[in-house]
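Asks: the following comprises the amino acid sequence and a computationally predicted model.
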Amino acid sequence: MGKSTKVTYTYANEDEQKKVSQLEEFLFGAGSAANKLLMGQDGAGSITELVRQAELSPADDDKADEGDDDLLFFEDRGGDDAERQQEAAGPGPGSLKLQQQEQQAGKGSRKRKPIWSDRADEAAIVQIATAARLRKLRQHKNQTQLSGAEYAAALRRQHAALHPRTSWAISNRAAAAWHKAGAAAAEIDDLREPDEDTAEQLLLSGSGSLLGGNSGGRGGLLAPGVLELSRLRDANGASPSEAVVQAMQFHPNGQLMLTAGFDKRLKLFQVDGLRNPLVQSLYLQDCPIHTAAFAAGGNIVVAAGRRPCYYIADLHTGQLERVVTPPSMHHQGPANRNNSSSNQSSGSSTGSKGRSNSSKGSGSKSSGGMKSCESFAASSDPSRPWVAFLGDAGHIGLVSLRSRTPVGTLKMNGSARAATFSRDGSLLFTAGSDGVLYTWDLRSQRCLHQQRDEGAIGCSSLAVSPDGSYLATGSPSGVVNVYKRPAGLLRQITAASLQTCNGDQGGVLQAVDRQDSFGIQQAAALPLKALMNLTTTIDTLAFNHDSQLLLLGSRLKKDSLRLVHLPSLTVYSNWPTSRSPLQYVHSAAFSPHSGFLSIGNAKGRALLYRLHHFPEV
């Protein structure tokens, strides 16, 4: 048998050696041959000695371990008396019962700590008054420093205020216990009605049920003050624009979004918030695009620039059609302009027959007032596929997208600056440089309502909420007036409310001021609120689908964009921030269910944000 190697263990201190000895005695028993060999006692340091001791007779082995057997075994002679004696003496070392007790005691005393907890952080002192980005964590202005625990708690509060939907990590056992306790409390609440004090405490403890119903705040009434949103990949990230994003709009189905700009390209993207791939790109060779919009229920796209023509893109066939406006819609001559000025009246409208009569009387071949098609408004209702082009001297040309021909001309005082259709396409709202708002009935092409914009000498933008309850106007001074729509405008128009003016008017129809009809209101209606958060010309106004949000923006100043909570008429203070990459905002749009908000800027990017309050996009 070959020469064996002696195994020697060294320990850093006596405590470690004592712990190892206790562990070996617990596993192998005191005085065993294995223990003597491992510990090097009595010179037993080889494998040969271990084998020799293992081959000892049972009698010798019993004599060697006689003291240990008394602790490891007992003889059952007295039945219950013996059991009582064992219970009184307790379990012996190495017994299964002792091991179970030690495991249970270890489970009870061991407590899991978060991996991010550090004792050094608790003793740290953070100066929050010197750093500008930490001053928002102060509870009062005299507070200059925080301890480590207070600093961590302040960061948690700030994060919860900006991102209410996030939560902190907890163990599975704690989460199960929390859900079980919540379910039990819900069952108790269902079985018995809380008393008055308990009901008042539950009501004052939170407003989630009032704001969001059963959905926990999602899809219900929107809360003011703080808006929860997160930024996603740019909507046109797959193919950014090479120029300013002049126009953008979501398709009614919520899956497509169009962008257009001075790079002469009309692009369609499939917006999913992750990849946003490019679906189609159309190039308009001779037309930098100023305005583009979906029309006729989203079946076609209308795009126009500073040209006497416009383009129609059919989404089903993928064809692009160039339509030249007829001579009757072109810019009128000086003679006809003077004649129209003499016939100018409040809320007048000229039909096809009226245009021919006035043209014969004036001796001019044109009665329009439009040099280009760059400014227009399109109806999204498929049953009324109309487009209203804004011309000079208050002329507004109506064109049918079915026949590609003009169907009428509206005439307002001043110059037409903004226009928008109602949701069903039956009404047209216009505003001009004289600060007067007009409401037109397109079925009869007559003016239904006229009012002056309070405090404004001109109007630069106009928007109507989808439900027709709000009307917002933007002015060159940066003031946005929010009006409550008159209930009378929703009634059906009657023949008695209108009067045809004969004689020198040449077939021009004029609204009559009557108490029982849709007369002209000379007195200015007071707005619900005048928003003065911006100081430059308002050129972007947009309502969301349920009329709870209003977006207002200006392209003349960097980061000039605000979101307004309409029920309270307050501006959200948490967004946009100084770090939001808005740049110069030129366009903006909400998705059909307000889940997405897209913003086009001067760098050719279409920023995309997810509004978490709205579950659908």
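Replies: Structure's in. What do you need?
Asks: can we go C-alpha only for contacts and neighbour counts from here?
Replies: Fine.
Asks: burial of Asp381, as a residue count?
Replies: Residues within reach of Asp381, counting by other CA atoms under 10 Å, total 18.
Asks: quick one: it from Ser475, how far?
Replies: Remark: distance between Asp381 and Ser475 (CA to CA, to the nearest Å) = 28 Å.
Asks: got it, and Arg605?
Replies: Using CA to CA, Arg605 is found at 26 Å from Ser475.
Asks: swap in Ala602?
Replies: Distance from Ala602 to Ser475, counting by CA to CA: 21 Å.
Asks: same deal with Ala120?
Replies: Here the criterion is CA to CA. By it, Ala120 lies 57 Å from Ser475.
Asks: higher neighbour count, the two?
Replies: Using other CA under 10 Å as the criterion, Ala120 and Ser475 rank with Ser475 on top: 24 against 8.
Asks: mind listing what that one touches?
Replies: Taking CA atoms under 8 Å, 6 or more residues apart in numbering as the contact definition, Ser475 lies against Ala456, Ile457, Gly458, Cys459, Ser460, Ser461, Thr537, Ile538.
Asks: out of these, who's the most crowded?
Replies: Cys459 (28 neighbours).
Asks: so that residue makes contact with Gly435?
Replies: Yes: Cys459 is in contact with Gly435 according to CA atoms under 8 Å; the separation is 5.4 Å.
Asks: surely Gln583 is within a strand?
Replies: No: when DSSP: H, G, I helix; E, B strand; the rest coil is applied, Gln583 is found to be coil, with no strand at that position.
Asks: quick one: it and Ile115, what's the gap?
Replies: 41 Å.
Asks: these two: who's more crowded?
Replies: When Gln583 and Ile115 are compared for neighbours, Gln583 comes out ahead with 18 against 6, by other CA under 10 Å.
Asks: surely that one meets Gly604?
Replies: No: between Gln583 and Gly604 there is no contact under CA under 8 Å: 10.4 Å.
Asks: closest one of the contacts of Ser475 to Val480?
Replies: Using CA to CA, the shortest approach to Val480 within the contacts of Ser475 belongs to Ile538, at 7.6 Å.
Asks: which SS state does that closest one fall under?
Replies: At Ile538, secondary structure determined by three-state DSSP is coil.
Asks: got the contact list for it?
Replies: Counting by CA under 8 Å, 6+ apart, the residues that Ile538 touches are 460-461, 474-480, 552-555.
Asks: ok, now Ala388?
Replies: Phe376, Ala377, Ala378, Ile396, Gly397, Leu398, Val399, Ala419.
Asks: rerun that using 6 Å as the cut-off
Replies: Applying CA atoms under 6 Å, 6 or more residues apart in numbering to Ala388 gives the contacts Phe376, Ala377, Gly397, Leu398.
Asks: and the third one, how close does it get to Asn601?
Replies: Distance of Gly397 to Asn601, given as CA to CA: 30 Å.
Asks: and the first one, by the same measure?
Replies: In this view, Phe376 and Asn601 are 21 Å apart by CA to CA.
Asks: for the second one, same thing?
Replies: Between Ala377 and Asn601 the distance is 21 Å, computed by CA to CA.
Asks: show me the contacts for Trp386.
Replies: The neighbours of Trp386, taking CA under 6 Å, 6+ apart as the test, are Ser379, Val399, Ser400, Leu401.
Asks: helices along the stretch 351-500 of the chain, start to end?
Replies: Taking DSSP state H, counting those that start in this stretch as the criterion, the stretch 351-500 of the chain carries its helices at 352-362.
Asks: is Leu268 in a helix, a strand, or coil?
Replies: When the structure is reduced to helix, strand and coil (three-state DSSP), Leu268 reads as strand.
Asks: now it, which residues is it bridged with?
Replies: Beta-bridge partners of Leu268, counted by DSSP bridges, are Leu258, Gln280.
Asks: where does it land on pLDDT?
Replies: For Leu268, the pLDDT comes out at 96.
Asks: related to what we said a few turns ago, relative to Leu442, which of the contacts of Ile538 is nearest.
Replies: Taking CA to CA as the measure, Leu442 sits nearest to Ser461 out of the contacts of Ile538, at 20.6 Å.
Asks: the closest one against Ala419, yeah?
Replies: No: Ser461 is not in contact with Ala419 according to CA atoms under 6 Å; the separation is 7.8 Å.
Asks: now, of the contacts of Ala388, which are buried?
Replies: Buried residues within the contacts of Ala388, defined by neighbour count using 16 or more other CA atoms under 10 Å: Phe376, Ala377, Gly397, Leu398.
Asks: now the first one, nearest residue through space, not along the chain?
Replies: Distances taken as CA to CA, 6 or more residues apart in numbering place Phe389 nearest to Phe376, at 4.3 Å, with adjacent residues excluded.
Asks: and for the one you found, the neighbour number?
Replies: Should you count by other CA under 10 Å, Phe389 turns out to have 24 residues around it.
Asks: and what of Glu321?
Replies: Residues within reach of Glu321, counting by other CA under 10 Å, total 12.
Asks: Gly237 too?
Replies: Other residues close to Gly237 by other CA under 10 Å number 18.
Asks: ok, now Ser117?
Replies: 9.
Asks: give me the pLDDT value at it.
Replies: At Ser117, the predicted lDDT confidence score is 72.
Asks: over to it. Which of the three states is it?
Replies: Three-state call for Ser117 (three-state DSSP): coil.
Asks: quick one: Ala542 and Leu551 touch, right?
Replies: Yes: in this structure Ala542 lies within contact range of Leu551 using CA under 6 Å: 5.1 Å.
Asks: if you count surrounding residues, which of these two has more?
Replies: Comparing Ala542 with Leu551 by neighbour count (other CA under 10 Å), the higher total belongs to Ala542, at 22 against 19.
Asks: how many residues are close by Cys148?
Replies: I think there's a mix-up here, since residue 148 is Gly and not Cys. By the measure other CA under 10 Å, the count of residues near Gly148 is 18.
Asks: now swap in Val617 and tell me
Replies: Residue crowding around Val617 was assessed by other CA under 10 Å; the count is 19.
Asks: same check, this time on Leu320
Replies: For Leu320, the neighbour count with other CA under 10 Å is 17.
Asks: mind listing the residues bridging to it?
Replies: Per DSSP bridges, the residues bridged to Leu320 are Ala313.
Asks: roughly how far does it sit from Arg265?
Replies: 12 Å.
Asks: so Leu27 belongs to a strand, correct?
Replies: No: looking at Leu27 with three-state DSSP, it is helix, so not inside a strand.
Asks: roughly how far apart are it and Val20?
Replies: According to CA to CA, Leu27 and Val20 sit 11 Å apart.
Asks: okay, now the unreliable bits of this protein?
Replies: Applying pLDDT under 70 to the predicted model, the residue ranges of the chain that meet it are 1-14, 28-114, 116, 163-171, 174-175, 177-219, 330-369, 486-524.
Asks: quick one, strands of the stretch 101-250 of the chain?
Replies: For the stretch 101-250 of the chain, the strands identified by DSSP state E, counting those that start in this stretch occupy 125-127, 145-147, 229-232, 245-250, in order along the chain.
Asks: list the neighbouring strands of the second one plus their orientation.
Replies: Here strand 145-147 is paired, per DSSP bridges, with strand 125-127 (antiparallel).
Asks: and what of the last one?
Replies: Applying DSSP bridges, strand 245-250 is found paired with strand 256-261 (antiparallel).
Asks: quick one: residues in contact with the strand it pairs with.
Replies: Outside of strand 256-261, the residues that reach it under the criterion CA under 6 Å, 6+ apart are 244-251, 266-271, 289.
Asks: now, among those, which is nearest to Ile300?
Replies: Among the contacts of strand 256-261, His251 lies closest to Ile300 (CA to CA), at 10.2 Å.
Asks: for the closest one, what are its contacts?
Replies: Remark: with contacts taken as CA under 6 Å, 6+ apart, His251 is in contact with Met257.
Asks: that one and Arg133, how far apart?
Replies: Distance of His251 to Arg133, given as CA to CA: 40 Å.
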